[in-house]
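> what's the 3D shape of this:
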Amino acid sequence: MNKIELKIFGLSYSHAQSSAYALILDEKNGHRRLPIIVGGLEAQAIAIEVEKMKPARPLTHDLFKTLALAYNITIKEVIINKFHEGIFYSVLMCSDGIDDIQIDSRTSDAVALALRFNCPIYTYENILAVAGVMMDIDSDKKTMEPFEDKTSTSNLSIDELKQLLQKAIENEDYEGASLLRDEINKRQEGFTS
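Numbers count the residues shown, from 1 in each chain. Okay, the predicted model is just below:
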């Protein structure tokens, strides 16, 4: 089967399931998207790597990468290889330079690791045909907010937001840090437009 490469389009709060997020993967050379429901911690692990945030202590996926590299193991690619009863299944295609091995993984963990190993994410046509959503190619591409806004920050200055962002990172509140970062970026874009 031919593999179809995917890239991360966005992450947003899932209104369908409490405490869950929708990870949206975009077909690299096409117009379909693959929405995958992930838990809050997994969403956080993905968002931190997408935004190149540096946590005070390594997260589980960072620890996995460090351990794998210590034994010369790399992840060459991630394949979302099955969709059954609403659940996506994935494999990590690993190598130690001599042997290749395939390891089963939850899709959310596989994506978080793919980001850390800077490796491609693939799926197959039969999965996109069943679970993919066709984009309206005439519409403007909208950016998705990584997380739903929980607090009002409209009365704070950019400097105050930056201070809160630093505190959120120090306290390992990455969801809050993501919200603050988005607000800072929005305001700074407003000044340059």
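> now the helices for the chain?
40-50, 60-70, 107-117, 125-131, 158-170, 174-192 (DSSP state H).
> Output the contacting helices and strands for the fourth one.
Right, the one you point to is helix 125-131. strand 32-39, strand 74-84 (3 or more Cβ pairs under 8 Å, 6 or more residues apart in numbering; DSSP states H and E). Backbone N, C-alpha and C define where each C-beta goes, glycine included.
> pretty sure residue 7 is touching residue 26, no?
Yes - with contacts counted by Cβ atoms under 8 Å, residue 7 reaches residue 26, the gap being 5.3 Å.
> hang on, the earlier thing: by mean pLDDT, show me the worst of the helices and strands packed on helix 125-131.
When the helices and strands packed on helix 125-131 are compared by mean pLDDT, strand 32-39 comes last with a mean of 90.
> Centre-most residue in this structure?
Residue closest to the average C-alpha location in the chain (Cα atoms, centre = their mean): residue 46, at 3.6 Å.
> deepest of the helices of the chain, which one?
Most buried of the helices of the chain, by mean neighbour count (mean count of other Cβ atoms under 10 Å): helix 107-117, with a mean of 24.
> And that helix, how far out from the chain middle?
8 Å (Cα atoms, centre = their mean, to the nearest Å).
> in the chain, what spans have low per-residue confidence?
14-18, 136-155, 170-176, 190-193 (pLDDT under 70).
> quick revisit: put together JSON lines for the helices and strands packed on helix 125-131, with distance to residue 67 on each row.
Converted to JSON lines, those look like this (distance: least, Cβ to Cβ, whole Å):
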{"stretch": "strand 32-39", "distance to residue 67": "22"}
{"stretch": "strand 74-84", "distance to residue 67": "12"}
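> I'd like those strands written out as a markdown table, with mean neighbour count and distance to residue 120 added.
Formatted as a markdown table, these follow (neighbours: other Cβ atoms under 10 Å; distance: least, Cβ to Cβ, whole Å):
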| stretch | mean neighbour count | distance to residue 120 |
| --- | --- | --- |
| strand 32-39 | 19 | 14 |
| strand 74-84 | 19 | 5 |
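> Just the CA trace of stretch 52-71, in PDB.
Below are the C-alpha coordinates for stretch 52-71, written out as PDB (Å, rounded to 0.1, in the frame of the first residue of the first chain):
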ATOM      1  CA  LYS A  52       9.200  24.600  20.700                       C
ATOM      2  CA  MET A  53       8.600  25.300  24.400                       C
ATOM      3  CA  LYS A  54      11.200  24.000  26.800                       C
ATOM      4  CA  PRO A  55       9.700  22.500  30.000                       C
ATOM      5  CA  ALA A  56      11.600  22.800  33.200                       C
ATOM      6  CA  ARG A  57      11.800  19.000  33.400                       C
ATOM      7  CA  PRO A  58      11.600  16.400  30.600                       C
ATOM      8  CA  LEU A  59       8.200  15.000  29.800                       C
ATOM      9  CA  THR A  60       7.700  11.300  29.200                       C
ATOM     10  CA  HIS A  61       8.100  11.600  25.500                       C
ATOM     11  CA  ASP A  62      11.400  13.500  26.000                       C
ATOM     12  CA  LEU A  63      12.600  10.800  28.300                       C
ATOM     13  CA  PHE A  64      11.700   8.200  25.800                       C
ATOM     14  CA  LYS A  65      13.700  10.000  23.100                       C
ATOM     15  CA  THR A  66      16.700  10.400  25.400                       C
ATOM     16  CA  LEU A  67      16.600   6.700  26.300                       C
ATOM     17  CA  ALA A  68      16.200   5.600  22.700                       C
ATOM     18  CA  LEU A  69      19.100   7.800  21.500                       C
ATOM     19  CA  ALA A  70      21.300   6.500  24.300                       C
ATOM     20  CA  TYR A  71      21.000   3.000  22.700                       C
END
